[in-house]
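# sequence first, then the predicted structure, then my questions.
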Amino acid sequence: MKFIYIVCLSLACYVALVFSSTKDDFEKILQSCRDDVRINENDLRTLSASPNDVSEGVKCYMKCVMEKQGHFKNGALLEEAVIKSVESSPADHNDQNQMSAIVKECKKEIGSNECDTAFKISMCLREHKVDFEI
């Protein structure tokens with residue numbers, strides 16, 4: 001079970017962790033989404049080893065996490081909610097204008113479906129080193 005959390009925290013949920021208010025809340029969200037989407041440890045290993053070659057289940061898992069955190073709805077990133085979370089994060093190392101620009105840029109990511117869009121947005125934020133701690 002710890003392995004799953006490590007994988008999620010290190011890659012897949014790198015961005016999602018950013019927006020979680022506490023580690024316990026985050027772990028509850030992760031577990032709930034694992035149950036809802038029914039992904040397994042192998043799916044998460046694939047994400048860790050090769051984030052560009054993940055299953056649709058992993059993408060839907062990312063969508064689930066973002067939705068449960070209030071940052072993704074109806075196939076779109078909720079920019080204001082994300083920026084509010086970013087502003088309240090103690091580990092925000094980017095200035096507000098820079099972070100707002102990154103969120104606006106990543107919001108433009110569009111996938112073939114809602115799961116793919118959520119995943120692409122997550123990877124965009126990760127690529128821009130949106131880095132926060134809880």
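The structure has been received and is ready for your questions.
# next, the contact list for the closest residue to residue 64 other than its chain neighbours, please.
Leaving aside its sequence neighbours, residue 64 sits nearest to residue 33 (C-beta to C-beta, 6 or more residues apart in numbering; 3.7 Å). From N, CA and C alone the C-beta is placed, and that goes for glycine too. By C-beta atoms under 8 Å, 6 or more residues apart in numbering, the contact set of residue 33 is 61, 64, 65, 68.
# so the second one touches residue 36, yeah?
Yes: counting by C-beta atoms under 8 Å, a contact exists between residue 64 and residue 36, whose distance comes to 5.6 Å.
# give me the element the residue nearest to residue 64 is part of.
Using DSSP states H and E, residue 33 sits within helix 23-37.
# now do that helix, average pLDDT.
Averaged over helix 23-37, pLDDT sits at 88.
# can you pull the buried residues of the helix or strand following that helix?
Next in sequence after helix 23-37, counting helices and strands by DSSP H and E, comes helix 41-49. Across helix 41-49, burial judged by 16 or more other C-beta atoms under 10 Å covers 43, 44, 46, 47, 48.
# which strands and helices lie in contact with helix 41-49?
For helix 41-49, the elements it packs on are helix 2-7, helix 56-68, judged by 3 or more C-beta pairs under 8 Å, 6 or more residues apart in numbering; DSSP states H and E.
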